[in-house]
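Novice: pasting the sequence and the predicted coordinates here, then a few questions.
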Amino acid sequence: MGVDPISNSVLETGKNLKIVAIYAVGYNNINLTEATRLKIAVTNTPDVHAETTADLTFALLLGVARRVGEAERFLRAGKWARWKPDLLLGSDAHGKTLGIVGLGQIGSAVATRALGFKMKILYTDLQRMDRSVEDQCRARFVSLPELLAQADFVTLHVPLMPETTHLIGSTEMRQMKKSAFLINASRGPVVDEKALVEALQQGIISGAALDVFEQEPKVHPKLLEMENVMLLPHIGSASLETREKMGFVAVQNILAALRRESPPNILNPDIYSPEL
């Protein structure tokens, strides 16, 4: 199962349904409480996406900084006449300050890539990470406002929950540098898209790169009109190698459930409680 919505009625109709094996990390598309009530196992495919999602995050960062998408459209439209010193000037990434919101598996992987670009790394999270993680990433813990004020690039790597919905809104974007870029490859609703559109229109930040959106597959129409935004259709884990790993994890979860064992990546282990 991918990320299509799974309604309560679908769960109730499946009289012999034993497991919903989600072929993704996020599980906001299913009511876990209802699945648990019906004793249906729900699983996901964690721990295999970090490296490939970090790759894409850096592709977004470099793409928006160097205006890659805009430059390709310019060339394909036949507008390129000759080399000019001011043609499609972008921003360097090397030596800049990267602000990572969420230094988990993906955030840490992004940090290690940033080291190759000699970037200064700041991070914020619900709590400070172990010193060993900070040392490995060469990352310094700061508050969110401090990170926003100092970073040239802000990348988001947090799960979607009530506390992170619209984590980055109008107030936060106004704390960012005018020259800064916002990159989101986590969950769409983490960013207030309406506020982002206004920030880009008013020059509050320089640009944004998004792989996720608030109402997927819908994209705010104003974003589609902007050249200083790089937009991708939620392909963070879309490498052949990673999708194969995801499939293997999903199959292992299914086989365990069919053997009446607790799947390795069970999201609602209470279904195996004798009290339920």
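Specialist: Thanks, I have the structure now. Quick caveat: nothing in here was measured; it's all calculated off a predicted structure. Numbers count the residues shown, from 1 in each chain.
Novice: neighbouring contacts of stretch 182-192?
Specialist: Contact with stretch 182-192 is made by 26, 28, 53, 56-57, 60-61, 64, 102, 106, 153-160, 164-170, 173, 176, 196, 205, 207-216, 236, as judged by Cβ atoms under 8 Å, 6 or more residues apart in numbering. For glycine as for every other residue, the C-beta is placed from the backbone atoms N, C-alpha and C.
Novice: just the residues you listed: which are in helices?
Specialist: Among the contacts of stretch 182-192, DSSP state H puts 53, 56-57, 60-61, 64, 106, 170, 173, 196 in helices.
Novice: how about JSON lines for the residues you listed, with distance to residue 45, pLDDT and neighbour count added?
Specialist: Formatted as JSON lines, these follow (distance: Cβ to Cβ, whole Å; pLDDT from 0 to 100; neighbours: other Cβ atoms under 10 Å):
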{"residue": "53", "distance to residue 45": "13", "pLDDT": "98", "neighbour count": "26"}
{"residue": "56", "distance to residue 45": "17", "pLDDT": "99", "neighbour count": "23"}
{"residue": "57", "distance to residue 45": "19", "pLDDT": "99", "neighbour count": "28"}
{"residue": "60", "distance to residue 45": "22", "pLDDT": "99", "neighbour count": "26"}
{"residue": "61", "distance to residue 45": "25", "pLDDT": "99", "neighbour count": "27"}
{"residue": "64", "distance to residue 45": "28", "pLDDT": "99", "neighbour count": "27"}
{"residue": "106", "distance to residue 45": "14", "pLDDT": "98", "neighbour count": "26"}
{"residue": "170", "distance to residue 45": "35", "pLDDT": "99", "neighbour count": "14"}
{"residue": "173", "distance to residue 45": "33", "pLDDT": "99", "neighbour count": "23"}
{"residue": "196", "distance to residue 45": "29", "pLDDT": "99", "neighbour count": "26"}
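Novice: show me which of these is closest to residue 95.
Specialist: Ranked by distance to residue 95 (Cβ to Cβ), those are led by residue 61 at 13.7 Å.
Novice: does that closest one touch residue 153 like I think?
Specialist: Yes: if you go by Cβ atoms under 8 Å, residue 61 and residue 153 touch, sitting 5.5 Å apart.
Novice: common neighbours of the two, please.
Specialist: Listed as contacting both residue 61 and residue 153 by Cβ under 8 Å, 6+ apart are 93, 181, 183.
Novice: turn those residues into a markdown table, columns for pLDDT.
Specialist: Converted to a markdown table, the shared contacts of residue 61 and residue 153 look like this (pLDDT from 0 to 100):
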| residue | pLDDT |
| --- | --- |
| 93 | 99 |
| 181 | 99 |
| 183 | 99 |
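Novice: just the buried ones from those?
Specialist: Among these, the ones that count as buried by 16 or more other Cβ atoms under 10 Å are 93, 181, 183.
Novice: just the strands in the stretch 1-150 of the chain please.
Specialist: Counting by DSSP state E, counting those that start in this stretch, the stretch 1-150 of the chain has these strands, from start to end: 19-21, 41-43, 97-101, 120-124, 139-141.
Novice: any idea which of those strands gets closest to residue 241?
Specialist: Among the strands of the stretch 1-150 of the chain, strand 19-21 comes nearest to residue 241, with 19.8 Å by Cβ to Cβ.
Novice: packing partners of the helix-or-strand element of the chain with minimal mean pLDDT?
Specialist: Sorting the helices and strands of the chain by mean pLDDT, DSSP states H and E puts helix 8-13 at the bottom, at a mean of 92. With contacts taken as 3 or more Cβ pairs under 8 Å, 6 or more residues apart in numbering; DSSP states H and E, helix 8-13 sits against helix 32-37.
Novice: got the CA positions of the helix it packs on in CSV?
Specialist: Only the C-alpha atoms of helix 32-37 are listed here, as CSV (Å, rounded to 0.1, in the frame of the first residue of the first chain):
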residue,chain,number,x,y,z
LEU,A,32,-4.4,3.7,13.5
THR,A,33,-7.0,3.7,16.3
GLU,A,34,-9.7,2.2,14.0
ALA,A,35,-7.2,-0.4,12.6
THR,A,36,-6.3,-1.3,16.1
ARG,A,37,-9.9,-1.7,17.1
